[in-house]
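Asks: Pasting a predicted model and its sequence here:
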Amino acid sequence: MKLSALNIYTCPECKGKFEIIKTDSVKKHDILEGTLKCKACGGQAAIHKGIPALINQRNVKGSDLKFQKFYDRMSPVYDPIVKFASRILFGGDIAFRGEFARHLELKPQDRVLEVSVGSCGNYPYIGTFSGHLELFGLDISKNFLKQGLKNIKRWKIDAELCQGNADDMPYGDNSFDCVFHKGGINGFSDKSKALGEMFRVAKPGSLITVSDETENMFYTKKQFKKVGLPSFEELGAPLDLIPEEAVDVELEQTAQGMMYVMKFRKPLE
Ligand SMILES: C[S@@+](CC[C@H](N)C(=O)[O-])C[C@H]1O[C@@H](n2cnc3c(N)ncnc32)[C@H](O)[C@@H]1O
Ligand SMILES: [Zn+2]
């Protein structure tokens, strides 16, 4: 965790600001092992291997808990599986991930949040779109984030990652120039709350971009059930759950109709 991120993070319990009360391992401006304490409620959060755990684990229930366990187990094999699938289905990662990145309206110096960042597989593609970006990523799966840290180190990409729940994010209001999500919302326990959180942490005027599978995805709900995953209530864009105040709502299909891209904007105040 970067020391500078202390200004961005908020307590998942009460949205208070943190202070650092213990550091066991620090490398330049990065805390590898340590403890944060909320100045408002006194709640503590551990930083382990550079990743702060900013999550109310006892509130992680239903399909969020099932997917958290699933992705914790799957983290070592996810990257090669997705790479293989995107080559066979869409002609490779540039076509699959790069095509999504073109929707994001990024500008150099933007502070960007990927909600459900996983192993950071989208970062190499958004980085090529504009110069320097201040990257933040949140995910519910600790093991997936550890894989993400390894990946960005190898790719020489700088990003600040934390463990958190999309429906209760540890960031202040109006924090990011761009907020995006790809690939998890179909399985969220509370999609409406997660979309509300993406809207809350976006700065006024910012674009929020959300993408996941449509009904046309080659694998079916039944196949998910077979591998022990909770089957999705429904696939497709949750247009009806976008916050009412949002403007410029758009919906497109990509990846040969197997994924949707849903965009909306937080209005300028
Ligand atoms: C299919 S992966 C996509 C990862 C990454 N966005 C990508 O494009 O490679 C779905 C991700 O959603 C995360 N996830 C699932 N439920 C979540 C929740 N409630 N809050 C935050 N992340 C969640 C999983 O841990 C997993 O990393
Ligand atoms: Zn607190």
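Replies: Arrived safely. Ligands and ions are numbered 1, 2, ... in the order given.

Asks: now whichever residue of the stretch 51-200 of the chain sits closest to ligand 2: how far from residue 162?
Replies: Proximity of the stretch 51-200 of the chain to ligand 2 (Cβ to the ion) peaks at residue 170, 10.0 Å away. Placement of C-beta: from N, CA and C, glycine included. Distance, residue 170 to residue 162, by Cβ to Cβ, to the nearest Å: 6 Å.

Asks: any residues in contact with both of the two?
Replies: Common contacts of residue 170 and residue 162, defined by Cβ atoms under 8 Å, 6 or more residues apart in numbering, comprise 9, 54, 138.

Asks: how about the nearest residue to the second one once chain neighbours are set aside, phi and psi?
Replies: In this case it means residue 54. Leaving aside its chain neighbours, residue 54 sits nearest to residue 170 (3.6 Å; criterion: Cβ to Cβ, 6 or more residues apart in numbering). Torsion angles at residue 170 (phi, psi; degrees, to the nearest 10) stand at phi -90, psi 50.

Asks: what about the nearest residue to residue 4 once chain neighbours are set aside, neighbour count?
Replies: The shortest distance from residue 4 to any non-neighbouring residue, by Cβ to Cβ, 6+ apart, is to residue 29 (7.0 Å). Using other Cβ atoms under 10 Å, residue 29 has 10 neighbouring residues.

Asks: Verify the contact between residue 29 and residue 3 for me.
Replies: Yes - between residue 29 and residue 3 there is a contact at 4.9 Å, judged by Cβ atoms under 8 Å.

Asks: Tell me how far residue 248 lies from ligand 2.
Replies: As for residue 248, its distance to ligand 2 is 34 Å (criterion: Cβ to the ion, to the nearest Å).

Asks: now residue 250
Replies: 36 Å.
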